[in-house]
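**Q** I need the structure of the sequence given here:
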Amino acid sequence: MARLMGQVERVDGLALAGWALDAEDLAARPLVQVLQDGAVVAVTRPRLPQPLLRPRLGLTTEGPPPLHGWQIPLPIGAGIAPDRPFDVVLGAERVAAGGGSACVIPALAGLDPEVAADLAASPLAQITIGVHAGHVAVTARAVQTVPARDLQLTIGKRPPGRMTMRPLPPASPFLRPGVLFESRIARGRIEAMPGHALPVRLRFPGDDEATRLNAHHALRAVWLPRTLFDDAPPGGLPLPPEALMRRAGGLSATREGYRIGGLTAFQQLDLLTRQHAGRRVTRFATILDWGVGSGRVLRHFAESAGPLGLPAREGQRLIGVDTDATAIDWCREALGGIASFLPPRDDGFDLPAESVDLLYGIDVMAHLTERDQHRWLGEIRRVLKPGALAILTVNGEVAAALDLTGFAQGFLPRFGFFDGIPDRSLGEAAVPRYRTSFHARAYLRRVWGEAFEILDIVPVASGLQDVVVLRRPA
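**A** Residues are numbered from 1 along each chain as shown. Now for the predicted structure:
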């Protein structure tokens with residue numbers, strides 16, 4: 001009988017587990033190591049009881065307690081990269097554990113079939129754009145593992161053609177499951193393109209016209225505003241101070257990100273309202289921006305609607321709501337001429353029932369606890385007119401797979417919802433109620449579907465978040 005013995009019994013996003021023992025010293029707790037890409041990425045030792053193990057192996061039941069079980073909870077968060085093989089070995093001698101060779105934890109395991117179909121149909125990516133002195137850099141973090149040669153970048157109305165995209169080294173060893181690409185285009189080339197805004201899209205070279213014009217694929221375009229090349233604030237509306245941008249959009253928020261993200265969300269709203277209500281977004285009488293922040297989306301009703309050729313906003317009422325009093329105060333002063341901004345409230349909207357024609361909430365539900373989510377869903381239903389739309393974003397299964405802590409990937413497949421990661425963007429006092437939350441598609445259909453008709457769920461359409469289109473039943 002071998003001295004070091006062990007077996008890997010569980011390999012998934014929630015836990016890597018098994019048992020290990022030293023047959024010559026049952027009190028010993030052999031070192032358990034995980035080797036990946038030639039390096040030790042995780043270690044542990046047995047400490048969990050396995051009372052039936054020794055009799056099964058023909059070993060004595062006398063002596064020290066049978067603490068032979070080991071476990072690495074949330075192994076991705078512990079440092080084991082998904083979609084790459086790893087080995088589990090025992091002791092300094094690195095004896096292979098049974099079932100521990102070439103193990104793999106799939107990053108996108110258990111995806112809803114509709115999500116998986118979207119992944120197969122088009123390259124899903126988080127696109128960021130940087131404007132520099134001589135060039136524009138387009139960086140794409142692909143959700144699938146896609147070789148650079150299999151991606152094409154299209155900007156504006158330029159005919160589909162290949163722009164060189166060179167792989168970048170990962171920012172950290174946990175970048176997963178896709179690849180980071182960058183394409184640099186001469187700034188003069190971009191500035192020469194006509195139009196108020198330029199759509200930036202990724203696609204596979206071999207996809208057909210139906211795929212390129214697919215509603216989900218169209219929604220994933222990132223819109224590059226020409227105002228990025230202007231020194232003056234766009235449309236005469238001031239930009240918020242950078243501290244407020246970071247407060248509303250996280251530490252990575254920038255002036256470029258503020259303009260690009262706001263215009264992209266505005267264009268997405270117009271695409272979705274055309275598809276699901278048959279109207280342009282400027283044709284809704286009363287619109288509520290829930291989680292208005294510093295007005296990055298709402299400002300485009302005045303700033304971009306005309307230049308983009310949307311119908312005039314005749315009599316349209318815009319309302320911004322946010323629990324962040326600092327953001328509301330800035331919006332009232334800077335954007336008060338185009339919208340009204342309601343006082344911050346935690347218990348609901350200060351609006352009459354059935355008074356809103358369209359509500360949108362970008363990156364709001366992705367920060368609520370489950371209890372608060374239910375309360376706000378009730379409020380959204382209350383203020384919407386019968387048949388009115390609500391467009392919300394959530395962290396879905398793909399965002400969970402990319403969560404660096406590994407918590408979401410471990411819990412979401414089993415429970416459908418996870419709100420266990422604190423978000424400190426609004427300060428420590430907000431942490432008990434301001435979280436990073438994740439929703440599974442089946443959960444949305446089951447829970448949100450009780451109060452609304454779910455018209456569509458588009459994975460990876462708002463950054464890495466999913467877009468959910470709801471309609472209040474008539």
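
**Q** Which residues does M5 form beta bridges with?
**A** L21 (DSSP bridges).

**Q** ok, which stretches of the stretch 301-450 of the chain are helices?
**A** Assigned by DSSP state H, counting those that start in this stretch, the helices in the stretch 301-450 of the chain fall at 325-335, 370-383, 397-401, 407-415, 441-447.

**Q** Which other helices and strands does the shortest one contact?
**A** Same thing as helix 397-401. When contacts are defined as 3 or more CB pairs under 8 Å, 6 or more residues apart in numbering; DSSP states H and E, helix 397-401 packs onto helix 113-121, helix 407-415, strand 453-462, strand 465-471. Heads up, the C-betas are built off the backbone N, CA and C, glycines and all.

**Q** Looking at these, which is nearest to L16?
**A** L16 lies closest, by CB to CB, to one member of those: helix 407-415, at 10.9 Å.

**Q** what sits up against the closest one?
**A** With contacts defined as CB atoms under 8 Å, 6 or more residues apart in numbering, helix 407-415 is touched by 13-15, 73-74, 76-77, 107, 109-110, 395, 397, 399-401, 403, 418, 420-421, 438, 440.

**Q** Tell me what angle that helix forms with helix 370-383.
**A** 70 degrees (axes from the mean of the first three to the mean of the last three CA atoms, to 10 degrees).

**Q** Could you find the closest non-adjacent residue to E24?
**A** Nearest residue to E24 in three dimensions, chain neighbours excluded: R3, at 5.2 Å (CB to CB, 6 or more residues apart in numbering).

**Q** go on, A339?
**A** L318 is the one closest to A339 (CB to CB, 6+ apart), at 3.7 Å.

**Q** beta partners for that neighbour?
**A** Assessed by DSSP bridges, L318 has beta-bridge partners I287.

**Q** What's the local residue count around it?
**A** Using other CB atoms under 10 Å, L318 is surrounded by 21 other residues.

**Q** give the contact list for it.
**A** I287, D289, L298, F301, I338, A339, S340.

**Q** still on that earlier bit, give me whichever of the helices of the stretch 301-450 of the chain is most buried.
**A** For the helices of the stretch 301-450 of the chain, the largest average neighbour count (mean count of other CB atoms under 10 Å) is found in helix 397-401, namely a mean of 25.

**Q** Tell me the gap between that helix and the middle of its chain.
**A** In terms of CA atoms, centre = their mean, to the nearest Å, the centre of helix 397-401 is found 7 Å from the chain centre.

**Q** quick revisit: and the contacts of helix 407-415, which are buried?
**A** For the contacts of helix 407-415, a burial check counting by 16 or more other CB atoms under 10 Å picks out 13-15, 74, 76-77, 107, 110, 395, 397, 399-401, 403, 418, 438, 440.

**Q** Now do the residue nearest to E24 against R56, distance only.
**A** 18 Å (CB to CB, to the nearest Å).

**Q** so which strand or helix has V88?
**A** Here V88 sits within strand 87-90, counting by DSSP states H and E.

**Q** Tell me which of the helices of the stretch 301-450 of the chain approaches A221 most closely.
**A** Per CB to CB, nearest to A221 of the helices of the stretch 301-450 of the chain: helix 397-401, 17.7 Å.

**Q** Helix, strand, or coil at S183?
**A** strand (DSSP: H, G, I helix; E, B strand; the rest coil).

**Q** ok, now A2?
**A** Criterion first, three-state DSSP; result for A2: coil.

**Q** and what of G63?
**A** Assigned with three-state DSSP, G63 falls in the coil class.

**Q** so who does it touch?
**A** Contact partners of G63, counting by CB under 8 Å, 6+ apart, are L26, A27.

**Q** top helix in this protein by residue count?
**A** Looking across the chain with DSSP state H, the single longest helix is helix 255-277.

**Q** Can you show me the CA trace of it as CSV?
**A** What follows is helix 255-277, C-alpha atoms only, in CSV (Å, rounded to 0.1, in the frame of the first residue of the first chain):
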residue,chain,number,x,y,z
ARG,A,255,-14.6,61.4,-19.0
GLU,A,256,-14.3,59.2,-22.0
GLY,A,257,-16.2,56.4,-20.3
TYR,A,258,-18.9,58.8,-19.2
ARG,A,259,-19.6,60.1,-22.7
ILE,A,260,-19.3,56.8,-24.4
GLY,A,261,-21.3,54.8,-21.9
GLY,A,262,-24.0,57.4,-21.7
LEU,A,263,-24.5,57.6,-25.5
THR,A,264,-24.3,53.8,-25.9
ALA,A,265,-27.1,53.4,-23.3
PHE,A,266,-29.2,56.1,-25.0
GLN,A,267,-28.8,54.3,-28.4
GLN,A,268,-29.7,51.0,-26.8
LEU,A,269,-32.9,52.5,-25.3
ASP,A,270,-33.9,53.7,-28.7
LEU,A,271,-33.2,50.3,-30.3
LEU,A,272,-35.2,48.5,-27.6
THR,A,273,-38.2,50.9,-27.6
ARG,A,274,-38.4,50.6,-31.4
GLN,A,275,-38.3,46.8,-31.2
HIS,A,276,-40.7,46.3,-28.3
ALA,A,277,-43.0,49.4,-28.4
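
**Q** What are the buried residues along that helix?
**A** Neighbour counts over helix 255-277 (16+ other CB under 10 Å) mark 257-273, 276-277 as buried.
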